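Participant: kindly return the folded structure for what I paste below:
(one chain, ligands or ions: 1)
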Amino acid sequence: MVLALLKYGLRNSYPAQRDIITATDLKPSYDVVIIGGGGHGLAAAYYLAKYHGITNVAVLEKGYLGGGNTARNTAIIRSNYLTDEGVRFYDESVRLYQGLSNEFDFNIMYSERGHFTLAHTDAALRTSRWRAEVNKHHGVDSELIYPDEIARIEPTLNMSRNVRFPILGALYHKPGSIARHDAVAWGYAHGAAKRGVELHQKTEVTGLDIQDGRIVGVKTNRGDIKCGVAMQAVAGSTSLLAKMAGFKLPIRTIPLQACVSLPMKRFLDTIIVSGSLHVYISQSSRGELVMGGSTDPYTLYNTRSTLDFKEGLMTHMLELLPFLSGVRILRQWAGMADMTPDFAPIMGETPIKNYYIDSGWGTWGFKATPVSGKRMAETLATGKVPDLIQPFSFERFYNFEQVGEKGAASVGH
Ligand SMILES: Cc1cc2nc3c(=O)[nH]c(=O)nc-3n(C[C@H](O)[C@H](O)[C@H](O)COP(=O)(O)OP(=O)(O)OC[C@H]3O[C@@H](n4cnc5c(N)ncnc54)[C@H](O)[C@@H]3O)c2cc1C
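Facilitator: Numbers count the residues shown, from 1 in each chain. Purely as a prediction, here's the structure:
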């Protein structure tokens, strides 16, 4: 065993493929063009190839694969939403996530931790009870629990009554998990490229070629290409692409910040979220505490970090876990969240024929990567929007059929 390892380590070439195949030249035309090489664009490309045999596909990414919000999120996966539409949708995603490492033959480090949404007020308790009932109705494991049970499951939490916001109860969702976000993007990219999809990095879409209300091609910084079908999956740049297509979306782009501590020996098993304190925290497999809070209170196309965010977050964090006061922050960053008025995504058709949208992922889209990829691939391949994602259409804002998920947002935004 030791000798075999040594021999393997000293070899110049490794049998395992180490890099994702990325394309060089753009072809003049593709059946499908996917704009945005984040988790969502890559997942759609993967499922197009895997389930529909459509491989004449180009993913166009202006930066590097998975370098947008996919690389910046705090990797929380859960399905304990508030609406029937939301619970059904995210539950399919959790199930897909559970099998993803096996499917990719690549470890995405999926780790089931249990997820607490703490309730510090009567109103929050009421919403938690409501969510628990909707969840149970759809077979999702969620329950309202009270302080003794919370302390038993997560003994590190400060359960004192002598704080500004004592913990009165919590929505406990056992399947709540985390995964390595880069690995999810890499797994989808590798799987798509292996099946013949072209992945083009440093390729920015600068315009759309629309004729008689139908998409026929895209313009890029590397030249123009023709396409039969196109989809935008560009997160914080959603409104900019929609503007190129000539339609408006009810989306505001707002920075969302997060940070990690220096690595520590594992002590925190669960994922803890407090809406009233505007904080959430988990511990990664590397030992870093991964922490986040609310979106910044203004719209901005920027990924800068602020001292203000860190100060506010830490003040609240120490109320929940006071023993962390000596722990240092290792790094801090931000992403650009495309927020919708009802805190639900926008998926499906647009006013432009054969031009589809996968957006409105705000602060909650990492957990939806597999299901949106799978269902958007189905939409692109068949031209029909599957029932599961129908409620998230663009039209809902005109028909007053919003999917109110604000009550299930992790923290106040
Ligand atoms: C700090 C933070 C914490 C978060 N935490 C969570 C969490 O715990 N759980 C959760 O479920 N979600 C979370 N999210 C949300 C989640 O990260 C996003 O919803 C999700 O990653 C969106 O994936 P995407 O593929 O749509 O977007 P992205 O990963 O942003 O990919 C879009 C890509 O489009 C590219 N692009 C943009 N314009 C163009 C163009 N003109 N041409 C070509 N390419 C273009 C960008 O470069 C980018 O790579 C968090 C987000 C942030 C910022």
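
Participant: any idea how far the ligand is from the most centrally placed residue in the chain?
Facilitator: Residue closest to the average C-alpha location in the chain (CA atoms, centre = their mean): residue 366, at 1.3 Å. As judged by CB to the nearest ligand atom, to the nearest Å, residue 366 and the ligand stand 3 Å apart. C-beta here means a position set from N, CA and C on the backbone, and glycine is covered the same way.

Participant: and that residue, what's its pLDDT?
Facilitator: We note a pLDDT of 98 for residue 366 in this prediction.

Participant: count of neighbours near the residue lying closest to it once chain neighbours are set aside?
Facilitator: Closest residue to residue 366 apart from its sequence neighbours, by CB to CB, 6 or more residues apart in numbering: residue 73 at 4.4 Å. Neighbour count of residue 73, defined by other CB atoms under 10 Å: 24.

Participant: again with residue 37
Facilitator: Residue 37, neighbours per other CB under 10 Å, totals 31.

Participant: skipping adjacent residues, who's closest to the residue of the stretch 151-300 of the chain found nearest the ligand in space?
Facilitator: The stretch 151-300 of the chain approaches the ligand most closely through residue 235 (3.2 Å), counting by CB to the nearest ligand atom. Among residues not flanking residue 235 along the chain, residue 69 sits closest, at 4.8 Å (CB to CB, 6+ apart).

Participant: and what of residue 263?
Facilitator: residue 287 (3.5 Å).

Participant: give me every residue that touches that neighbour.
Facilitator: 263-266 (CB atoms under 8 Å, 6 or more residues apart in numbering).

Participant: isn't residue 178 right up against residue 78?
Facilitator: No. Taking contacts as CB atoms under 8 Å, residue 178 lies outside contact range of residue 78: 9.9 Å.

Participant: ok, these two, which is more surrounded?
Facilitator: Using other CB under 10 Å, the more surrounded residue of residue 178 and residue 78 is residue 78, with 26 against 23.

Participant: neighbours of the closest residue to that one other than its chain neighbours, just the number please.
Facilitator: Distances taken as CB to CB, 6+ apart place residue 176 nearest to residue 78, at 4.4 Å, with adjacent residues excluded. For residue 176, the neighbour count with other CB under 10 Å is 26.

Participant: correct me, but residue 88 touches residue 138?
Facilitator: Yes. Between residue 88 and residue 138 there is a contact under CB under 8 Å: 6.0 Å.

Participant: so which of the two has more stuff around it?
Facilitator: Higher neighbour count among residue 88 and residue 138: residue 88, with 18 against 15, using other CB under 10 Å.

Participant: give the helix, strand or coil label for that one.
Facilitator: Following DSSP: H, G, I helix; E, B strand; the rest coil, the label given to residue 88 is helix.

Participant: what does the one 3 residues further on give?
Facilitator: Going by three-state DSSP, the secondary structure assigned to residue 91 is helix.

Participant: for it, grab the count of nearby residues.
Facilitator: If we define neighbours as other CB under 10 Å, then residue 91 has 20 of them.

Participant: residue contacts, the nearest residue to it once chain neighbours are set aside?
Facilitator: In space, residue 91 comes closest to residue 79 once its chain neighbours are excluded; the distance is 4.3 Å by CB to CB, 6+ apart. Residue 79 sits next to 87, 90-91, 93-94, 135, 140, 173, 175, 367 when contact means CB under 8 Å, 6+ apart.

Participant: just put the residues you listed in TSV and tack on distance to residue 374.
Facilitator: Output for the contacts of residue 79, formatted as TSV (distance: CB to CB, whole Å):
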residue	distance to residue 374
87	17
90	13
91	13
93	9
94	13
135	22
140	19
173	22
175	19
367	14
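
Participant: who in the stretch 151-300 of the chain is up against the ligand?
Facilitator: For the stretch 151-300 of the chain, the residues found near the ligand under the criterion CB under 6 Å from any ligand atom are 204-205, 233-235, 237, 256-258, 292.

Participant: now list the buried members of those.
Facilitator: Buried members of these, counted by 16 or more other CB atoms under 10 Å: 205, 233-235, 237, 256-258, 292.

Participant: TSV for the residues you listed, including pLDDT?
Facilitator: Below are those laid out as TSV (pLDDT from 0 to 100):
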residue	pLDDT
205	98
233	98
234	98
235	97
237	97
256	95
257	96
258	97
292	96
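
Participant: any stretches of the stretch 1-150 of the chain with poor pLDDT?
Facilitator: The stretch 1-150 of the chain contains residues with pLDDT under 70 at 1, 13-18.

Participant: for it, what lies in contact range of the ligand?
Facilitator: 35-41, 60-63, 67-70, 72-76.

Participant: list of residues touching stretch 200-212?
Facilitator: 22-23, 26, 35, 37, 58-65, 215-222, 224, 226, 230, 241, 244-246, 352, 355.

Participant: start and end of that stretch, how far apart?
Facilitator: 28 Å (CA to CA, to the nearest Å).

Participant: quick check: buried residues in that stretch?
Facilitator: 200-201, 203, 205, 208, 210.

Participant: now those in CSV, with distance to residue 331 and secondary structure?
Facilitator: Formatted as CSV, the buried residues of stretch 200-212 follow (distance: CB to CB, whole Å; DSSP: H, G, I helix; E, B strand; the rest coil):
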residue, distance to residue 331, secondary structure
200, 29, strand
201, 24, coil
203, 28, coil
205, 30, strand
208, 37, strand
210, 42, strand
